[in-house]
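K.L.:
no sequence on hand, only this structure:
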């Protein structure tokens, strides 16, 4: 099981060594999100501090996956980097070059070496080709499948 707080401290030191202006007011305690399904990390400003949270799924992930996700979130603490704009991309490229990360706007389970276990609460199926669309949340697609078409042009039917 990973010690997220210790890994965060290492990532912040790496960012500063790479001359990336990570905020000084990052909460040193990483929160664990036990409900996160589709994201691995989050950085939020709460009061005067930045709070970083990681998905519970990363507790048993390879250390490199945790470090990369933490690095992604630490970059969001830099001035002008709340989104994934040009400055954020420049800092990500710098971290990637210096430490061998593969920081990008989004990470996949496969890239991070994390099992892709998402709860499937809704299942839609194309009536023409049979392609399945699995969803965890009641999105507009789930609520109104009649408004959407499969890539093949077929209509969708909700099965779950």
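P.N.:
Now that the structure is in, tell me what you want to look at. Everything numeric here is computed off the predicted structure, so don't read it as measured data.
K.L.:
give me the neighbour count for residue 152.
P.N.:
Other residues near residue 152 number 11, with proximity taken as other CB atoms under 10 Å. From N, CA and C alone the C-beta is placed, and that goes for glycine too.
K.L.:
I should have written residue 27 there, sorry.
P.N.:
A count of neighbours around residue 27, defined by other CB under 10 Å, yields 16.
K.L.:
in this structure it contacts residue 53, no?
P.N.:
No: using CB atoms under 8 Å, residue 27 is not in contact with residue 53; the gap is 9.8 Å.
K.L.:
just the helices in this structure please.
P.N.:
Using DSSP state H, the helices of the chain run over residues 4-17, 63-75, 86-99, 109-112, 140-143.
K.L.:
and the third one, what's buried?
P.N.:
Spelled out, it's helix 86-99. By neighbour count on 16 or more other CB atoms under 10 Å, the buried set for helix 86-99 is 88, 91, 92, 94, 95, 99.
K.L.:
next, format these as JSON lines and append pLDDT.
P.N.:
JSON lines is the format used below for those (pLDDT from 0 to 100):
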{"residue": "88", "pLDDT": "98"}
{"residue": "91", "pLDDT": "98"}
{"residue": "92", "pLDDT": "98"}
{"residue": "94", "pLDDT": "98"}
{"residue": "95", "pLDDT": "98"}
{"residue": "99", "pLDDT": "97"}
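K.L.:
shared neighbours of residue 27 and residue 53, anything?
P.N.:
Residues touching both residue 27 and residue 53 (CB atoms under 8 Å, 6 or more residues apart in numbering): none.
K.L.:
now residue 27: how far from residue 51?
P.N.:
5 Å (CB to CB, to the nearest Å).
K.L.:
which other helices and strands contact the helix or strand bottoming out on mean pLDDT in the chain?
P.N.:
Taking mean pLDDT, DSSP states H and E as the measure, the helix or strand of the chain with the lowest value is helix 109-112, at a mean of 88. For helix 109-112, the elements it packs on are helix 63-75, judged by 3 or more CB pairs under 8 Å, 6 or more residues apart in numbering; DSSP states H and E.
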